[in-house]
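[1] need coordinates for the following:
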Amino acid sequence: MKVVVDEEKCVAAGQCVAAAMDVFDQREDDGIVVLLDENPRAELAEDVRNAAAVCPALAIRIEE
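    Model (predicted):
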């Protein structure tokens, strides 16, 4: 699994961090998504998929 984020689409809602805090964070100044782990461990896959699903801006893409 490879995770790709589009910072231009991000609306800083923070849903990704709530869903997968080991993979996503937010910048302090504007709340835009920060990808902590482009290739997360298999046990985080469900959380990452959930994060992509709940992102209101559809800024997270998963490549299998």
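
[2] what about the residue sitting furthest away from the middle of the chain, which helix or strand?
    What lies farthest from the middle of the chain is D29; by C-alpha atoms, centre = their mean that is 17.6 Å. Here D29, judged by DSSP states H and E, is contained in no helix and no strand.

[3] what about it, distance to V17?
    15 Å (C-beta to C-beta, to the nearest Å). C-beta: built from backbone N, CA, C; applies to glycine.

[4] repeat that for K2.
    Plainly put, K2 is 19 Å away from V17 if you go by C-beta to C-beta.

[5] ok, the two, which is more surrounded?
    V17 (18 against 10; other C-beta atoms under 10 Å).

[6] could you count how many residues lie near E28?
    E28: 7 neighbours (other C-beta under 10 Å).

[7] same check on L36?
    Neighbours of L36 using other C-beta under 10 Å come to 14.

[8] isn't it right up against D25?
    Yes - using C-beta atoms under 8 Å, L36 is in contact with D25, at 5.6 Å.

[9] residue ranges of the strands in this structure, please?
    2-5, 24-26, 33-35, 60-63 (DSSP state E).

[10] chain neighbours aside, what residue packs nearest to N50?
    A19 (4.7 Å; C-beta to C-beta, 6 or more residues apart in numbering).

[11] so what's the one you found up against?
    47-48, 50-51, 54 (C-beta atoms under 8 Å, 6 or more residues apart in numbering).

[12] from these, which is closest to E7?
    A51 (15.0 Å; C-beta to C-beta).

[13] need the strands of the chain in TSV with mean pLDDT, can you?
    Below are those laid out as TSV (pLDDT from 0 to 100):
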stretch	mean pLDDT
strand 2-5	98
strand 24-26	98
strand 33-35	98
strand 60-63	98
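
[14] turn these into a markdown table, including distance to V11.
    Putting the strands of the chain into a markdown table (distance: least, C-beta to C-beta, whole Å) gives the following:
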| stretch | distance to V11 |
| --- | --- |
| strand 2-5 | 12 |
| strand 24-26 | 11 |
| strand 33-35 | 9 |
| strand 60-63 | 12 |
